[in-house]
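S.K.: Coordinates only, no sequence provided:
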């Protein structure tokens, strides 16, 4: 009896102990895991915030996002941006909700903590990353279990693939899209999970409708989220119907369709303000939802007309309806239907050159979805776990269909999310972030399934708890490894950028920040800068020069072809009308010591400019250590590339010794330059730079080196007449090592410049000036140099770059200090063909003076648009305020550097196109293009006088219906099917008689 009591007492104690352990486990799962998730979110924030110490940003696009965010702080939805696509500016479109949400975050953060605009902007992305951790937990918990939520949060905390768009200094829309989309999905699941209306259901529905237009508005690819939810709404009812669960079909349709429809309508309404930029796609989605509603009605009540007793009959009915629906949409939308369905592709020559749009292999995908994606092989752990997660979804779907459970619908959101983002990632590397997020969610479901399996085991609660703890300890290294890898990368990135620019840490090299700050302090605020487009956002940034950029990372795509043509050709082939863009400065960035320079970008420049074909895979530039250059007998040049391996370039141009060596026999298609860098102690530091033969003498190379190549090179003389070097930015990192590397050169541009002046002396023309060697108005007679004074006859060679001189007037001026002592018109009604310039012979009386100038007066564009363009009171696109056939009153703010009289307000028509002599198939190896920018005419609006600064101007205008059509037809007639129209513009332009200083001397 005593033994029995002892056994019962012990049994009761053991039972109580097991109950306590089980209760402890449940408390941990319900309350401990959420607390751990908050800790994970904090750690995720800290990892992402490592790079917040910069004075600028890591990603060039972020410079633009910052400018738009600053406007949103006062405007909420930005309406106009002056600094892109000069001289007009742009009407911002697309994901303007991003800037509104960033501005709202600033307002709250500033009120709570006093954060400045700049600091709040840097904090935003890490904050988004931290919220993604929390959102992943909530979604994982709803889709599967608390454990799935925990592992999703743990991986999201530090997985590098899911960090790239959310670390400080990379403020793009992808991160906010994921954050808001995940919270939207959680709200939807919260709403759908409740059978009856209660506070959870109401809250879930309210937040779903509120958050939906926000995720739609923060990223230009947000149609991805809509497609995921749309696919779920279309497919789930069909599956319920096929398995004969029409009661579930009815419940799902009654709950899902009105909620999803309301979210689409909310997005369309906000699209009117510009907050949401995918209004057309939302309209398309509403149409699909309506069609799907009709199909649901057919599935619910079609048994009155069709036999749906067997699943095969039901499948036939669905397929038939699907075919009819597709044909109806195609008849309604035509080929536009496929625009909605098409992913990012390299479908134009321009897109072929954009690294972010390059396709990837499956090996690359596995490599990316690894705990350490930066390693040479990649472990593929996340990818493998995501496949296991797919298996779990499939198994759960089978069980729930078999058991007739309504929750089956849940599996399709992560499924479509994963398949959709993986497809996009396969098409373009830029979608790696989105694919990483979807893979993490599926990986978390796989890991969560392991813990749920342990919980369902038949062992005692104590044993199950121990299993769970052991499993937890076994798997914890995964998020630790991923977070450690990301932490190390962030620190390395921060140190690297601090090295390249200690004065202004960030992605902008020191040479660039020096040059851009010089521009800020030494150029007119209305000035425009041209460079390769990658640097446009730097030029526009209020942190740097804050000057207008001809093309940048997101604007002026049509102009890139023309910029590339200018850079990659020489002579007449490289002349384009830069003044059409109001250009004042040109910047080159050729630096063999900096991987960010145009060394690596010039393949794209040469291809887009038509200098090379699609199949020419040669590197355009290469760095050669001087010790690897072998010169034999001053006749033959070799470059050592390895052990007893050499290549022989076509020629060597030694810019130190001013000599040229041409190799004979079989050669590589390169020109070798020996460039003289200056080292400490004014010693030369020679460096070899290889240039591909087709671009070796192009405008870019000449400007980047800042040197002439041979005496009497007329093309080079002309070039340096139009482009005058005004500032050089040095590679600070190399400079600190004692080598002065002039990597960034800033040139002042004028479309008309004097490249040579000859004087008639004793019946003989003698050169007194050229743009390379310089010179003064002096001539050597015998052993004496005599100043040209009194009546003289001059021959003036004018380089007209990219545009003709038409009805111009040439004026000679003489100055003592700033005092004008003589002004004389020496040529009137002057006309020069820019493709066949001829010298101008003039007679001029030259008085004694300190300085002389030649001034050309002819009609040219002036002013920059400095505010929104309105047509009939509504904000319009500045580059196409009215389309052909439209009429209206146009109103804008135009800024001028000085007062002008007799100004013509016009709309200028421009057509950008390229001709493909070998056909328009851009994937053929011999494909190449010839870019063109044709000004096809002006539509006069009014004449007026203007003052320096801002002027509000308006006028009525009508655009002929065939304004572009007739010109495009003439191009097609001339080139046939080998012409591709890139873009048409109708731009507000102001013309007046303009003064061009084409020469200054003494």
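M.R.: Received it, and whenever you're ready, just let me know what you need. As the structure is a computational prediction, the values presented were derived from the model and not from experiment.

S.K.: List the buried residues in the helix or strand residue 491 falls within.
M.R.: Under the criterion of DSSP states H and E, residue 491 resides in helix 477-500. Judged by neighbour count using 16 or more other C-beta atoms under 10 Å, the buried positions of helix 477-500 are 478-479, 481-483, 485-487, 489-490, 493-494, 497, 500. The way it works is simple: take the backbone N, C-alpha and C, and place the C-beta from them, glycine included.

S.K.: How about residues contacting that helix?
M.R.: Applying C-beta atoms under 8 Å, 6 or more residues apart in numbering, the contact partners of helix 477-500 are 40, 43-44, 47-48, 50-51, 53-54, 58, 151, 154-155, 157-160, 163, 167, 371-374, 381, 505-507, 509-510, 594, 732-733.

S.K.: Okay, and which of those map to strands?
M.R.: Among those, none falls in strands (DSSP state E).

S.K.: Give me the buried subset of those.
M.R.: 40, 43-44, 47-48, 50-51, 54, 58, 151, 154-155, 157-160, 163, 167, 371-373, 381, 505-507, 509-510, 594, 732-733.

S.K.: so where's the stretch 1-150 of the chain shaky on pLDDT?
M.R.: 1-22 (pLDDT under 70).

S.K.: one more time with 90
M.R.: Counting by pLDDT under 90, the ranges of the stretch 1-150 of the chain that qualify are 1-30, 53-54, 58-59, 93-95.

S.K.: residue boundaries of the helices in it?
M.R.: Under the criterion DSSP state H, counting those that start in this stretch, the stretch 1-150 of the chain carries helices at the ranges 2-27, 33-48, 60-75, 97-113, 117-143, 146-158.

S.K.: now swap in the stretch 451-600 of the chain and tell me
M.R.: Counting by DSSP H, counting those that start in this stretch, the helices of the stretch 451-600 of the chain are 461-475, 477-500, 510-522, 536-540, 557-568.

S.K.: In the third one, which residues are buried?
M.R.: The reference is to helix 510-522. Buried, per 16+ other C-beta under 10 Å, within helix 510-522: 510-520.

S.K.: Export the residues you listed as JSON lines, with columns for distance to residue 947 and pLDDT.
M.R.: Below are the buried residues of helix 510-522 laid out as JSON lines (distance: C-beta to C-beta, whole Å; pLDDT from 0 to 100):
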{"residue": "510", "distance to residue 947": "40", "pLDDT": "94"}
{"residue": "511", "distance to residue 947": "38", "pLDDT": "95"}
{"residue": "512", "distance to residue 947": "35", "pLDDT": "95"}
{"residue": "513", "distance to residue 947": "34", "pLDDT": "95"}
{"residue": "514", "distance to residue 947": "34", "pLDDT": "96"}
{"residue": "515", "distance to residue 947": "32", "pLDDT": "97"}
{"residue": "516", "distance to residue 947": "29", "pLDDT": "97"}
{"residue": "517", "distance to residue 947": "30", "pLDDT": "97"}
{"residue": "518", "distance to residue 947": "29", "pLDDT": "97"}
{"residue": "519", "distance to residue 947": "25", "pLDDT": "97"}
{"residue": "520", "distance to residue 947": "24", "pLDDT": "96"}
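
S.K.: tell me which strands and helices the strand ranked longest in the chain is in contact with?
M.R.: Counting by DSSP E, the longest strand found in the chain is strand 979-1001. Judged by 3 or more C-beta pairs under 8 Å, 6 or more residues apart in numbering; DSSP states H and E, strand 979-1001 is in contact with helix 557-568, strand 752-761, strand 851-862, strand 887-896, strand 900-915, strand 930-946, helix 965-975.

S.K.: Can you tell me which of those is most buried?
M.R.: helix 557-568 (a mean of 25; mean count of other C-beta atoms under 10 Å).

S.K.: Let's check: the centremost residue of this structure is which one?
M.R.: residue 553 (3.9 Å; C-alpha atoms, centre = their mean).

S.K.: And that one, how close does it get to residue 611?
M.R.: Using C-beta to C-beta, to the nearest Å, residue 553 is found at 23 Å from residue 611.

S.K.: burial count for residue 740?
M.R.: The number of residues packed near residue 740 is 16, by other C-beta atoms under 10 Å.

S.K.: May I have the phi/psi pair for it?
M.R.: Residue 740 adopts backbone torsions of phi -90, psi 100, taken as degrees, to the nearest 10.

S.K.: can you pull the contacts of the closest residue to it other than its chain neighbours?
M.R.: Closest residue to residue 740 apart from its sequence neighbours, by C-beta to C-beta, 6 or more residues apart in numbering: residue 678 at 4.3 Å. Going by C-beta under 8 Å, 6+ apart, residue 678 touches 684-685, 739-740.

S.K.: For the chain, which helix or strand comes out least confident on mean pLDDT?
M.R.: helix 336-341 (a mean of 50; mean pLDDT, DSSP states H and E).

S.K.: on contacts alone, who are the packing partners of the next helix or strand after it?
M.R.: Next in sequence after helix 336-341, counting helices and strands by DSSP H and E, comes helix 349-352. The contact analysis (3+ C-beta pairs under 8 Å, 6+ apart) places helix 349-352 against helix 557-568, helix 602-608.

S.K.: Nearest to residue 780 among those helices would be which one?
M.R.: Nearest to residue 780 among these is helix 557-568 (37.2 Å), distances taken as C-beta to C-beta.

S.K.: contacting residues around stretch 519-532?
M.R.: 86-87, 539, 544-551, 563, 567, 578, 581-589, 598, 601, 605, 726-727, 746, 749, 863-864, 866, 895-897.

S.K.: filter the residues you listed to the buried ones?
M.R.: Here, 16+ other C-beta under 10 Å leaves 86-87, 539, 544-551, 563, 567, 578, 581-589, 598, 601, 605, 727, 746, 749, 863-864, 866, 895-896 buried among the contacts of stretch 519-532.

S.K.: pretty sure residue 175 contacts residue 167?
M.R.: No. Using C-beta atoms under 8 Å, residue 175 is not in contact with residue 167, being 9.1 Å away.

S.K.: who touches both of the two?
M.R.: In contact with both residue 175 and residue 167: 125, 129, using C-beta under 8 Å, 6+ apart.

S.K.: how about the helices of the stretch 451-600 of the chain in TSV, adding distance to residue 951?
M.R.: Below are the helices of the stretch 451-600 of the chain laid out as TSV (distance: least, C-beta to C-beta, whole Å):
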stretch	distance to residue 951
helix 461-475	67
helix 477-500	42
helix 510-522	24
helix 536-540	23
helix 557-568	26
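
S.K.: which ones are touching the closest residue to residue 811 other than its chain neighbours?
M.R.: Nearest residue to residue 811 in three dimensions, chain neighbours excluded: residue 855, at 4.4 Å (C-beta to C-beta, 6+ apart). Residue 855 is in contact with 810-813, 995-998, counting by C-beta under 8 Å, 6+ apart.

S.K.: one more time with 6 Å
M.R.: 811, 995, 997 (C-beta atoms under 6 Å, 6 or more residues apart in numbering).

S.K.: Just list whatever residues bridge to the second one.
M.R.: Assessed by DSSP bridges, residue 995 has beta-bridge partners residue 857.

S.K.: Just want to check the distance between it and residue 177.
M.R.: 51 Å.

S.K.: and what of residue 756?
M.R.: 58 Å.

S.K.: All good on my end, thank you.
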